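Asks: Quick one, fold the following:
(4 chains)
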2 protein chains.
Amino acid sequence: MAADPLSRVFSALADPIRRDMVARLAAGDATVNQLAEPYDVTVQAVSKHLRVLEDAGLVSRTRDAQRRPVHLEAEVFDLMTKWIERYRRQAEERFRRLDDVLRDMPDEVAPNPLSAQGESR
Amino acid sequence: MAADPLSRVFSALADPIRRDMVARLAAGDATVNQLAEPYDVTVQAVSKHLRVLEDAGLVSRTRDAQRRPVHLEAEVFDLMTKWIERYRRQAEERFRRLDDVLRDMPDEVAPNPLSAQGESR
DNA sequence: TTCTTGTTCAACCAAGTGGTTGACAACGAG
DNA sequence: CTCGTTGTCAACCACTTGGTTGAACAAGAA
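Replies: Residues are numbered from 1 along each chain as shown, chains lettered A, B, ... in the order given. Sure, this is the predicted structure:
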């Protein structure tokens, strides 16, 4: 299993069934059987999916007699959005600066940041 | 390979090496060899990782003589953030309403939305 | 206690993943 | 043209994953 938390969360949400379960849990808690009902897989398979979500910290399970109500833990989403936003902003900032450079540049000069980077220095 | 775009993106970012490559590409384009340098895996392995990122729409590759400069396509991030934000908001909204219910409730009533849901009706 | 329901555990299987090595294609430099 | 550089393709391997079936466990119902 993936060691770092971020990998676990991304990996957990890489499956359409698991994403769908998260979507349904956003509307309210549910039991394993309730979650299993819409899909034509066995309850055991759903139980495995839930374990993946739980290991990722996306859901928690408590006890209610024989039932194991599943609850969505939305805070873990922050882990992802923070990572994403960081690099998106960085990429957009770079893009904006590139625009500035192009605008201010005399048009004889051919811009090629890559070959400049690749120089063996 | 995963059919739907969302699964491909989440899956692509579930690997720490690939996330690291995205992080570096946010700072600027790079060639395959430049990307491979920090890790102690073969260039072929990195090439495979790039293919995964490309299939997810996270990067694009152009041609520059023998080199294949890799470029980050940050727009795909939106796909994820939109999905995440939707359910996060929904969960938070639900949580807020639950607070309201608890605040307005006479304290004899034991709240258990789950067992009410689970009733065989 | 025994029965039934809800859930998990264990073993297994086919397919996918991340890595390797080796061959080869594409291109610029001598 | 030949040579070194850059990158991909193909085949292979160990490990993981998502699914199955069958057994077991937990707890209320009879």
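Asks: Going by C-alpha atoms from here, please, whenever you check contacts or count neighbours.
Replies: OK.
Asks: Would you indicate which residues of the longest helix anywhere in chain A are buried?
Replies: Scanning chain A for the helix with the most residues, using DSSP state H, yields helix A:77-104. Buried positions in helix A:77-104, judged by neighbour count with 16 or more other C-alpha atoms under 10 Å in any protein chain shown: A:77, A:80, A:84, A:87, A:88, A:90, A:91.
Asks: Looking at those, which one is closest to residue A:5?
Replies: Distance to residue A:5 across these (C-alpha to C-alpha) is lowest for residue A:80, with 9.8 Å.
Asks: Look up the closest residue to that closest one, ignoring the ones flanking it.
Replies: Spatial nearest neighbour of residue A:80, excluding adjacent residues (C-alpha to C-alpha, 6 or more residues apart in numbering or on different chains): residue A:6 at 6.8 Å.
Asks: And that neighbour, how far from residue B:5?
Replies: For residue A:6, the distance to residue B:5 (C-alpha to C-alpha, to the nearest Å) stands at 19 Å.
Asks: neighbour-wise, which of the two wins?
Replies: Per other C-alpha atoms under 10 Å in any protein chain shown, whichever of residue A:6 and residue B:5 has more neighbours is residue A:6, with 21 against 16.
Asks: which secondary structure element contains that one?
Replies: helix A:5-12 (DSSP states H and E).
Asks: which residues touch that helix?
Replies: For helix A:5-12, the surrounding residues in contact (C-alpha atoms under 8 Å, 6 or more residues apart in numbering or on different chains) are A:1-2, A:18, A:52-53, A:55-58, A:76, A:79-80, B:10-11, B:13-16.
Asks: I'd like to know which helix or strand in chain A has the lowest mean pLDDT.
Replies: For chain A, the helix or strand with the lowest mean confidence is helix A:113-118, at a mean of 40 (criterion: mean pLDDT, DSSP states H and E).
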